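> Compute the structure for the input listed below.
(4 chains)
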4 protein chains.
Amino acid sequence: MNTLQPCPLFINGEWVTVKSGATTPVHNPSDGAVIAETPLCEADVIDQAVAAAAAAFPRWSETPPVDRARLLFRLKNMLEDHFEELAQGVTQEHGKTLTEARGDVRRGLENIEFACGIPSLLMGQSLENVARGIDCDSIRQPLGVVAGIAPFNFPAMVPLWMWPLAIACGNTFVLKPSEKVPLSTIRITEFARQAGLPPGVLNVVHGGREAVDAILKHPTVKAISFVGSTKIAQYIQSTGIAHGKRVQAAGGAKNSVVVMPDADVGPTATGILEAAFGCAGERCMAGSTAIVVGKAAETVLPQLVDAVSKLRVGPTDRDPRAQMGAVITRQHADRVCQLITQAAGQGAKPLTDGRDLNVVGVPNGFYVGPTILDRVEPGMVTMQEEVFGPVLNVARVESLDAAIELANASPYGNGAAIFTRSGQAAREFRHRSAAGMVGINIGVPAPLAFFPFSGRHASFFGDLHLQGRDGVAFFTQQKVTTTRWFGAGEGSIWSDK
Amino acid sequence: MNTLQPCPLFINGEWVTVKSGATTPVHNPSDGAVIAETPLCEADVIDQAVAAAAAAFPRWSETPPVDRARLLFRLKNMLEDHFEELAQGVTQEHGKTLTEARGDVRRGLENIEFACGIPSLLMGQSLENVARGIDCDSIRQPLGVVAGIAPFNFPAMVPLWMWPLAIACGNTFVLKPSEKVPLSTIRITEFARQAGLPPGVLNVVHGGREAVDAILKHPTVKAISFVGSTKIAQYIQSTGIAHGKRVQAAGGAKNSVVVMPDADVGPTATGILEAAFGCAGERCMAGSTAIVVGKAAETVLPQLVDAVSKLRVGPTDRDPRAQMGAVITRQHADRVCQLITQAAGQGAKPLTDGRDLNVVGVPNGFYVGPTILDRVEPGMVTMQEEVFGPVLNVARVESLDAAIELANASPYGNGAAIFTRSGQAAREFRHRSAAGMVGINIGVPAPLAFFPFSGRHASFFGDLHLQGRDGVAFFTQQKVTTTRWFGAGEGSIWSDK
Amino acid sequence: MNTLQPCPLFINGEWVTVKSGATTPVHNPSDGAVIAETPLCEADVIDQAVAAAAAAFPRWSETPPVDRARLLFRLKNMLEDHFEELAQGVTQEHGKTLTEARGDVRRGLENIEFACGIPSLLMGQSLENVARGIDCDSIRQPLGVVAGIAPFNFPAMVPLWMWPLAIACGNTFVLKPSEKVPLSTIRITEFARQAGLPPGVLNVVHGGREAVDAILKHPTVKAISFVGSTKIAQYIQSTGIAHGKRVQAAGGAKNSVVVMPDADVGPTATGILEAAFGCAGERCMAGSTAIVVGKAAETVLPQLVDAVSKLRVGPTDRDPRAQMGAVITRQHADRVCQLITQAAGQGAKPLTDGRDLNVVGVPNGFYVGPTILDRVEPGMVTMQEEVFGPVLNVARVESLDAAIELANASPYGNGAAIFTRSGQAAREFRHRSAAGMVGINIGVPAPLAFFPFSGRHASFFGDLHLQGRDGVAFFTQQKVTTTRWFGAGEGSIWSDK
Amino acid sequence: MNTLQPCPLFINGEWVTVKSGATTPVHNPSDGAVIAETPLCEADVIDQAVAAAAAAFPRWSETPPVDRARLLFRLKNMLEDHFEELAQGVTQEHGKTLTEARGDVRRGLENIEFACGIPSLLMGQSLENVARGIDCDSIRQPLGVVAGIAPFNFPAMVPLWMWPLAIACGNTFVLKPSEKVPLSTIRITEFARQAGLPPGVLNVVHGGREAVDAILKHPTVKAISFVGSTKIAQYIQSTGIAHGKRVQAAGGAKNSVVVMPDADVGPTATGILEAAFGCAGERCMAGSTAIVVGKAAETVLPQLVDAVSKLRVGPTDRDPRAQMGAVITRQHADRVCQLITQAAGQGAKPLTDGRDLNVVGVPNGFYVGPTILDRVEPGMVTMQEEVFGPVLNVARVESLDAAIELANASPYGNGAAIFTRSGQAAREFRHRSAAGMVGINIGVPAPLAFFPFSGRHASFFGDLHLQGRDGVAFFTQQKVTTTRWFGAGEGSIWSDK
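I've put the predicted structure just below:
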């Protein structure tokens, strides 16, 4: 039997092993083995973490931004020095391919790089003589203790969207990674410690609903950054707001990829394949519905089906040729298969079917094969619910207008993409899309560290998005100062020398 | 008996007179006369207004920003052409002096001027080659139908914080002015109509709690801008959020003015007088507590008391020498007097006492004289509650540290000011103040149109403030587009010429 | 015989008639009549104007930006109130159609609108704690007396690119309009005077080379904004720099319009027609060379020739159906015809020929008909020199690469446009074009007030362009302040209360 | 006898040893020993370097900004790993103390850190619907081959102001460090090479006037960044401009430090000492004139003289207690002494006199002791010329107004500082100072990487300063694109599916 990897807390600069209490298993999805047990902390632990963060705040917030950035510069180095190790860890606890895991770490690193520019990003504005002899300026100050709650699908990246920028702004942080994938955060935190992270500036706790609630209701926590499902995101927002916090809460998605008849066939098919089946579809920016316009159904679709049917699914931790890995848990794999079955029952036509996939040698892995459901209709279950697995809906329409209408009918609004050669189609789509992240000939218009991740509608709850300058605005509060000095004639101190 | 002024709704570009249903009176506080009756609209009227705004949105949002701005340029002209008339109207329905009323209108105008710069303010960001051959940019798009709910204390200014910027951003608007002072909004809206406001772009409704709730819960309304009391602000936020809206909700305040021993005596006394008694204290930026440090109690305080005791209180609509007017209602006047009485009972020492003021010739005016309560303690009622009247607490401390501590102990966080000659005291105060708006030798660091009104804590609920670039961010949603075009080698359309 | 229109100077708020000295005639190009005589001022007059500007600077620069902007708001109103009159004046002194003249005035107005936003545009940046307890900020301050020298082709617009923004920034100004079209500036200046322009803030002088040199060498003038020909622009830059000034000098151009085989035929032909023959080609953004790719020569070109051959050329001041007017002078008309003759001699094939145009009823007008020269080669004179008249070169190439290469071979770099339906062609063109202003399906990518007019190479001399935020940067100098205050422990003034 | 350190060129990624031709010696100022010989390259070498840079440009400019930044991240690491070695190298070739040398390196590093944020800094702006259906955006593109010419006084820092930001923007670079201190640049360049600098992206050449001229006149070089003396800066600007380049040229300075009567005595004396004698006064931000106001002459001045007279001058490369080192050359030491003598002859009163300093054990070091000249007058030589050595003028005035007037009378405009406790004096000084960099209680308001180094007048020639966003603007050209797509109705490609 396997030795379990440790899953300690990190509070006030110390690794703390939880000796008792409830836990939940961490699996290697490739073979189903339990590799760690995540402690399910309760309010007392959250209290300790918040207290440590609160104690660290005065000193850290007074540390000049350039010096705060330097910690992140050092952290970046350490993560780069251990890049492959981190990627392998991501693969192990999440199941995605090593290539995808490298992307996961790299995107995280880009957020650290962005946060390294905090002296420029933190600047307020300044104006002389707003009235005669009166000046005005604004500065950005940190909020205090802030918290992040991360999902399982990007074990490295999503936490790194949150805390590096938050602490660059001068806040101190409590991070709760997903209880399903806590190990990458533990590794990264250890590197931050070695990079010189002062005690209490970043604290890591583990747990589920109870831990989340304790964070949400803690009076000392000033802001919550959350990424997860829509239902929870909405709960996070309303509960956090009710407890006087700022909240940015990213939820689920149902992103459409429109394929115009003039689209380049080869790269379009490849683009959709990557959008739908990359990370086994466990992405809030996954392209989960292809809306094929007119004759694109005859050109792009066959090539796509052909490519998908050749996709190699396998244990990404041992098979370097695997192009797609398992999903996160057995339950999730089962749910994905049920949704496929349900949609098929509603009339969807499976062009490829991943329900009965057997991957040789890993009978207990959580596999679902890549599935394309053709001729889906708006009311079918895979169009209504976020599947978060390797399932691509195909809907057929006859015009760009119909495609935009169908895409915009979704209650979600993370992303939308179009494949076309036409400048006009691209402009129309961009202008009229109801999604916040638009891709032109890019299936996954993934957020870049230096632009905001601008999801809308049921995909985002809040005003200020994660990443980019929005992230800086979220983690700071502005202070506006208006200044006047009375003149020498009114008795100034140096006139009587 | 007086003829009542009409108080119609403005829906879809038409003035609509409400013929039946409940109303609430509008008074001239200077003499207590009823000058209008505000209809208390219910959900059906809100529905009509929202429907008009929704119908106007597609066309207005597609109107280029430069053209939207030109409407505001014209509106500015019209308001300037009728400046005195507007100021007199403010004085009549609110009671403030004509000088104060002019400031009310002028500050409103500044917000229109700011919104005229929308083409520059609306710009997103653009970057080539985020990866090889891939470009990324962001744009700001309007939200849709948005709404504003305004308080009674600045009949002209506060609504003008809201809707001009919102419509400049391409939204359409439903405005509910205070039912106590609806007439200034009616005048300004008529000028907007004459300036060419397209039907439905701005709609004005009237009412109280029921109207507010109908707005808050209306599924078509995407954002709410609110200014009022803390209790309502918090309700607005939680209800608006629960109904999927953006919310910026400014609440009450309790702003301290710190007086250092080195402060210039004359201008400091004048500054505090203006901060505490300007607009009869009915300002969320009023300086309602003077914290005098050390010997400032012996220098500034006597001069302040002397000046306050000479303040001429009177009917601002007919007495051009009146320096302070009545408060908004009889009930409010009574409440202010009760709070003074209560504080005195708790040990506060009235240095001036406005409770028994009789203003000759206007026995029914809602007057309270300017009141200075010395030696207040943190627990006293006038320190705990927002009085929103002409009452100044005086607290005495022995150091700047103690002054900052006392000022920061407030649950509110709108403003804080310091009077001093010392650069170091000013910097310490600015850096450490828990308030979002800081004044150095300025008792009321009032928000400027081009900076955000950055209240904090119980004074503001939301992330993005009213006015300035925050206002633009509040009334828009970003869209980030990532663009790639496949190369000619892959079959581009012009290679087969 | 005609009464001449007066052509006075404007110095220190007064209109000054020059009674003696050399003059140069202002013509109505439509009929060749002399309508005014422009005085050719010498250094003594420049001295007076600069002295007036210098005297006005201290007070104007201390006027708060919001108040400076309000002058421009009022000026905008006045120009709008007299919009048609101004447009007619432009037509009369320049010859362009009334529609074009309206555009001339409107674009000028947009620059005033942009300058109205100066409080936001002037803001510097602010950062706390650049080191512990040390703050830093930047502000933008005006330069002092600055000057503008304008060309004849946009009598209203180009001067309005310059002085409204300059004075919004707090500078005072000396403007020398083109001696060929001084009258529009005189009208606009009179409206500025009526709008409340303080004496000395804007001064208008007239003249030619001698006046230019006096401005260039005047020690009090801190910056020069120039628009004209390349040769003079270069002279302005080197002379201005040698005399310690900032210089932004826009020169000539030779802008290409690439037509891809997939371009929409109708709108492309119209777009090129407007680009080449609008304002009779007297535009630094004129599209003077069409580079037709492949089969576009068979689709777009015939339709273009057809449309051009039907263009109605005539006296724009009396013939409302005229679609193109005369050029600025007889000499210029002759030069344009010579260039056509020369190019034809070099092998260019005239598809339409404007050399022998007779416009009925106006035998002395300065007319040249719209001329299309097909099959031009890079070495021909109309490809080498800026014609600044209604002459369109047509070059034929076989690929987008060849088109870009040909367009980029120009020593100029103002503008370049492409007509295509292809997103990829547009992106390639934009990315690789050597011009600063790029049009996609827009023949004249004219500068917008709120973006910089980013000409390059021989089309612009300087770093900071006219218009947009570059214009603000050009007319201001930054001041960076680093501030520390020593602590109370070191003997601060309030510790010994 | 010493072995000389090598002084190779770096061209196209290779170290190139110059075998013949003229050289100039590099000294260790602490003992006068020759430690290297700098080759004096001529135009042929410059040609090679420029050619290498030109060849590298297409590929480097197409490298995404994030990837360009990553080179700088790695360079930062390497410089930090070799921080002490670099500082010792600076001390050896320049003579400054190790503490000062560390500051030299650290400030250089901060510029690399700033340049690491290039993805955010490079962003242009984007606006939809500038007219109906027309969009506009701006991007920043690199210039091509650009060059830097650096002075001797900050061997590490000044070159790092230039090339990291330039290459982050996508340019390729030719750097000519000072021939007096080429060795630090060689070390840093070697680290850049090891960090992965592609061949040709940075090239290092050596030489004097001839090399400078070859750079200035090279047609391929698009921009010159220069720091040096005013006379040369002016020459650089006019020559560079004449050859069609952008130029930013920082020159000499004469910075005043105003001491108000209320200044904190101890820290003020220390601040002035550091400002005047740090780096032996060889700083363009040195505080070389103290303007003492009123009784400050009796409080601050004696303490300053006392501290200065105790300053330990010595060989900074071997005496860790040395507080001030030698100046750069024997000739420079002699010139400084002559200026002191001359000023004394004009009536200045030496309070400390550094002319006859003998430092034990290093008879050939280039030492001048710290010298305070009291009662200087504006016309004296040390007030007229930049001494660039350890000489402090003391002028006495009776008011702040007189102090500002005296400070502003300088033809230079780099920096100015004030020591005071008064907020009002600080604001007046900041507002009215003619210098671009202002210090409040900071003797040397040194430029920060993320703010521009805003020298004015004879201290800077150009519009866009070194460092900060100005630096980005200097090293890039904007391109503005206006885009329209014709609608489907006009024959779009996908309507015929």
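
> What's the local residue count around A:Val368?
Using other CB atoms under 10 Å in any protein chain shown, A:Val368 has 26 other residues around it. Placement of C-beta: from N, CA and C, glycine included.

> Who are the contact partners of it?
A:Ala280, A:Ala326, A:Val327, A:Ala333, A:Val336, A:Cys337, A:Gly354, A:Arg355, A:Leu357, A:Gly389, A:Pro390, A:Val391 (CB atoms under 8 Å, 6 or more residues apart in numbering or on different chains).

> Next: A:Gly354.
Contacts for A:Gly354 (CB under 8 Å, 6+ apart) come out as A:Val313, A:Cys337, A:Ile340, A:Tyr367, A:Val368, A:Gly369, A:Pro370, A:Thr371, A:Pro390, A:Val391.

> circling back to that earlier point, could you rank the contacts of A:Val368 by neighbour count and give me the top one?
A:Ala280 (35 neighbours).

> Could I get the phi/psi values of the one residue in the stretch 101-250 of chain A that gets nearest to chain D?
Here the stretch 101-250 of chain A gets closest to chain D at one residue, A:Gly117, 2.8 Å apart by CB to the nearest CB. Backbone torsions of A:Gly117, given as degrees, to the nearest 10, read phi -90, psi 20.

> Please enumerate the helices of the stretch 301-450 of chain A.
A:330-345, A:381-384, A:400-408, A:423-432 (DSSP state H, counting those that start in this stretch).

> who wins for proximity to chain C among the ones you listed?
Evaluated over the helices of the stretch 301-450 of chain A, closeness to chain C peaks at helix A:423-432, with 4.0 Å, by CB to the nearest CB.

> in the stretch 351-497 of chain A, which spans are strands?
Along the stretch 351-497 of chain A, the stretches classed as strands by DSSP state E, counting those that start in this stretch are A:371-374, A:391-397, A:412-413, A:415-419, A:437-440, A:456-457, A:460-461, A:476-484.

> just checking, what packs against the fifth one?
The reference is to strand A:437-440. Where contact means 3 or more CB pairs under 8 Å, 6 or more residues apart in numbering or on different chains; DSSP states H and E, strand A:437-440 is packed against strand A:415-419, helix A:423-432, strand B:476-483.

> what's next to it, contact-wise?
A:257, A:285, A:414-418, A:420, A:426, A:429-430, A:445-447, A:453-455, B:479-485, C:423.

> Each with direction, which strands does that strand pair with?
Strands that pair with strand A:437-440, judged by DSSP bridges, come out as strand A:415-419 (parallel), strand B:476-483 (parallel).

> for the record, mean pLDDT for that strand?
The average pLDDT for strand A:437-440 rounds to 98.

> now swap in the second one and tell me
Taken as a whole, strand A:391-397 has an average pLDDT of 98.

> one step back: Throw the helices and strands packed on strand A:437-440 into a markdown table and include mean neighbour count, thanks.
Shown next, in a markdown table, are these (neighbours: other CB atoms under 10 Å in any protein chain shown):
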| stretch | mean neighbour count |
| --- | --- |
| strand A:415-419 | 32 |
| helix A:423-432 | 22 |
| strand B:476-483 | 24 |
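
> Next, format those as CSV and append mean pLDDT.
CSV is the format used below for the helices and strands packed on strand A:437-440 (pLDDT from 0 to 100):
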stretch, mean pLDDT
strand A:415-419, 98
helix A:423-432, 98
strand B:476-483, 98
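
> could the ones you listed be laid out in JSON lines, adding distance to A:Met162?
As requested, the helices and strands packed on strand A:437-440 are exported to JSON lines (distance: least, CB to CB, whole Å):
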{"stretch": "strand A:415-419", "distance to A:Met162": "20"}
{"stretch": "helix A:423-432", "distance to A:Met162": "28"}
{"stretch": "strand B:476-483", "distance to A:Met162": "19"}
